[in-house]
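> this one's sequence-less:
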């Protein structure tokens, strides 16, 4: 075999490979286009979980009823065990008088004398554990419903049938009756056979020991057994006398096939600060009477009506609020942590405007301080303060962060607002998110333009007796931020001007009015709002600046970090697949070009040589 024959065989081999790879390339391009068009819809996503198991389907069905709240970040779901993408935020309930993490072994916490937060544990576990005698497997999740001030525990229990028994427990520390901790249990048995449901009341830990008595009361047609307990707790700030009344639960109950059982577990807690142990002898009967009376009163309420009172109070607190556009940047603060933080802080503070039995004088004082909080908030915007935010994976983190928030608001001009309890705290927190400050008869937006690289919305900021202000910041496609301001309701005229107040004041109303974000030298507030037109005219004369310019657009890499998680735009999986295919295509054609040039020239040289040889022989 000569050298030319070897080259011809190699050439045929490479032509075969080239032809084969060309076909494979076009097939790959076709598949790529199909995947691009259909958006991987036929491929399972990373969040996909098979619901083939009936017990998983049961849990998914019940949790999906809260999907709208979850999407708004008003509710956070935590599965047991926790899914990898879940944050691990602790389920918690509190009303400023009592509070507890909703975990079976957790205890009720109260405040020490002059304390800001619920940091002192009582030796009592209020949660009742519910199980089914012949359960094979269980799926469970907790739903922290911030707007409702409640935690739901949803459990699906599989026996030897397809139908799952569903146990839903609703936990809350009541907003209008602050001494009450309640667990409402509903057991649904859709199966064809009866079920025995067991209740385990964890109760006292025994350290320190509390004295207890069992009593009974007639509640309608039902005779209810309850336990009265009393004792003394030692804290770092002194002694605390505690008296409790709580409903005794049965060991087990039967739930008939195709039926539902409902059961309430109510705990009433009262406490007082003592100068000495001897003092408890004189006040313990009074504390016991209060707890016993409140337990009896709550037993007389319809379950739904009593829960509705709590729900309405929390809903009223959340009428003031804040929202922020989501960010994919590393360690970015997002709406889930912000809402959780607001909820945990509010859970440490009482709400005199909604509690029963609050003197009219205290209610009047709370309403007065809410109308105008002069000096609040007097610091830099708290969205940048890392120590005010946490992942809240322990009760200690909840207490420490809440304490720091209340301290910050108190020291930076919001001390009067705190007198209004939870209603004032949420106003102060929302003001602090944007560096908004009530100052000398006007509200000023004291954020720097460079910090406005995400969309913000401040909802229903109280201004005066009957006025609520809405302020939004939106970043357009040109990366420039603008301010939108409107009145949710008002009892008089209000006016606004942007940084420097050089432009004519704009009258606010229900429709949003737009203001540019301006940069001044020296830096001043970017928006002013007041009900006094004369005052806003005087601001123009009293704000002394050298220069007022429209703020420049934010840099592309900053916006890209929020939108895509990188500074290089949307580098999705499809993008990298496209780049890879282009590179492969380029190398194939490059190889083909080199191959053609090399073997083609060899063929021409050989043909010329052969033709010369033929002519020479002729």
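Noted; the coordinates are in hand. Quick caveat: nothing in here was measured; it's all calculated off a predicted structure.
> and the gap between residue 133 and residue 159?
Going from residue 133 to residue 159 by Cβ to Cβ, to the nearest Å gives 9 Å. Just so you know, the C-beta spots here come from the backbone N, C-alpha and C atoms, and that holds for glycine as well.
> Quick check: neighbours shared by those two?
residue 195 (Cβ atoms under 8 Å, 6 or more residues apart in numbering).
> higher neighbour count, those two?
residue 159 (18 against 10; other Cβ atoms under 10 Å).
> Surely the more buried one and residue 191 touch.
Yes. Counting by Cβ atoms under 8 Å, residue 191 is a contact partner of residue 159 at 6.9 Å.
> Return the residues in contact with the spatially most central residue of the chain.
Note on the chain: the residue nearest the mean C-alpha position is residue 336, at 2.6 Å, using Cα atoms, centre = their mean. Contact analysis of residue 336 by Cβ under 8 Å, 6+ apart lists 73, 76, 87, 89.
> Pick out the lowest-pLDDT one from those residues.
When the contacts of residue 336 are compared by pLDDT, residue 87 scores lowest at 84.
> following the helix or strand of the chain with the lowest mean pLDDT, which helix or strand shows up next?
Ranking every helix and strand in the chain by mean pLDDT, DSSP states H and E puts helix 3-38 at the bottom, with a mean of 57. Under the assignment DSSP states H and E, the closest C-terminal helix or strand after helix 3-38 is helix 54-63.
> List the buried residues in that next one.
Buried residues in helix 54-63, counted by 16 or more other Cβ atoms under 10 Å: 55, 56, 58, 59, 62, 63.
> likewise stretch 378-393?
Buried residues in stretch 378-393, counted by 16+ other Cβ under 10 Å: 378, 379, 381, 382, 383, 388, 389, 390, 392.
> What about residue 214, how many residues nearby?
9.
> Grab the nearest non-local neighbour of it.
Excluding the flanking residues, the one nearest residue 214 by Cβ to Cβ, 6 or more residues apart in numbering is residue 227, at 5.6 Å.
> if we look at the sheet, which residues does that neighbour bridge to?
Under DSSP bridges, the beta-bridge partners of residue 227 are residue 214, residue 246.
> try residue 438
Applying DSSP bridges to residue 438 gives these bridge partners: residue 443.
> so who does it touch?
Neighbouring residues of residue 438 by Cβ under 8 Å, 6+ apart: 372, 373, 374, 375, 376, 431, 463.
> Buried among those? Make that a ChimeraX selection.
Of the contacts of residue 438, the buried ones can be selected in ChimeraX as follows, counting by 16+ other Cβ under 10 Å:
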select :373,376,431,463
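> Pick the one among the contacts of residue 438 closest to residue 416.
For these, the minimum distance to residue 416 (Cβ to Cβ) is 5.9 Å, reached by residue 373.
> State the distance from residue 244 to residue 268.
Taking Cβ to Cβ, one finds residue 244 at 7 Å from residue 268.
> Equivalent analysis for residue 144, please.
Applying Cβ to Cβ, the value for residue 144 to residue 268 is 24 Å.
> Equivalent analysis for residue 191, please.
Distance from residue 191 to residue 268, counting by Cβ to Cβ: 36 Å.
> When those two are compared, which one has more neighbours?
Neighbour count, other Cβ under 10 Å: between residue 191 and residue 268, residue 268 has more, with 27 against 17.
> which residues does the more buried one contact?
When contacts are counted by Cβ under 8 Å, 6+ apart, residue 268 touches 179, 180, 244, 245, 246, 290, 291, 292, 294, 295, 298.
> 10 Å - rerun?
Contacts of residue 268 were listed using Cβ atoms under 10 Å, 6 or more residues apart in numbering, and they are 98, 174, 177, 179-182, 226, 228, 243-247, 290-298.
> about what we covered before: cross the contacts of residue 336 against strands and list the overlap.
Residues of the contacts of residue 336 located in strands (DSSP state E): residue 76.
> of all the contacts of residue 336, which comes closest to residue 119?
residue 89 (19.2 Å).
> was I right about that closest one contacting residue 337?
Yes. Because the distance of 8.0 Å satisfies Cβ atoms under 10 Å, residue 89 is recorded as touching residue 337.
> what residues are shared contacts of the two?
390, 391, 392.
> from the residues you listed, which single one is nearest residue 440?
So of the shared contacts of residue 89 and residue 337, ranked by how close each gets to residue 440 (Cβ to Cβ), first place is residue 390, at 34.8 Å.
> all helices of the chain, in order?
For the chain, applying DSSP state H gives helices covering 3-38, 54-63, 67-71, 277-299, 303-317, 335-346, 360-371, 395-409, 415-418, 422-434, 533-542, 556-564, 573-617.
> which residues are in contact with the shortest one?
Right, the one you point to is helix 415-418. Contacts with helix 415-418, where a contact means Cβ under 10 Å, 6+ apart, come from 116, 349, 365-366, 368-370, 372-377, 406, 409-410, 423-429, 431, 438, 462.
> Go again with 7 Å.
Contact partners of helix 415-418, identified using Cβ atoms under 7 Å, 6 or more residues apart in numbering, comprise 369, 373, 376, 406, 409, 410, 424, 425, 427, 428.
> The nearest residue to the fifth one once chain neighbours are set aside and residue 414: what is the separation?
By that I understand residue 409. Closest residue to residue 409 apart from its sequence neighbours, by Cβ to Cβ, 6+ apart: residue 428 at 4.4 Å. Per Cβ to Cβ, residue 428 is found 4 Å from residue 414.
> so what sits against both of the two?
The contact lists of residue 428 and residue 414 share 376, 377, where a contact means Cβ under 7 Å, 6+ apart.
> who's in contact with the residue nearest to residue 214?
Counting by Cβ under 7 Å, 6+ apart, residue 227 has contacts 212, 214, 246, 248.
> same thing with residue 342?
426, 429.
> picking that back up, nearest to residue 309, of the shared contacts of residue 89 and residue 337?
Nearest to residue 309 among the shared contacts of residue 89 and residue 337, with distances taken as Cβ to Cβ, is residue 392, at 27.2 Å.
> number of nearby residues for the residue nearest to the closest one when sequence neighbours are not counted?
What sits nearest to residue 392 in space, not counting adjacent residues and going by Cβ to Cβ, 6+ apart, is residue 89, at 5.0 Å. Neighbour count of residue 89, defined by other Cβ under 10 Å: 23.
> got the phi/psi numbers for residue 89?
Residue 89 adopts backbone torsions of phi -60, psi 130, taken as degrees, to the nearest 10.
> any idea how far residue 149 is from residue 75?
Using Cβ to Cβ, we find residue 75 at a distance of 12 Å from residue 149.
> And the two? Which one has more around it.
Between residue 75 and residue 149, counted using other Cβ under 10 Å, residue 149 has the larger neighbour count: 26 against 22.
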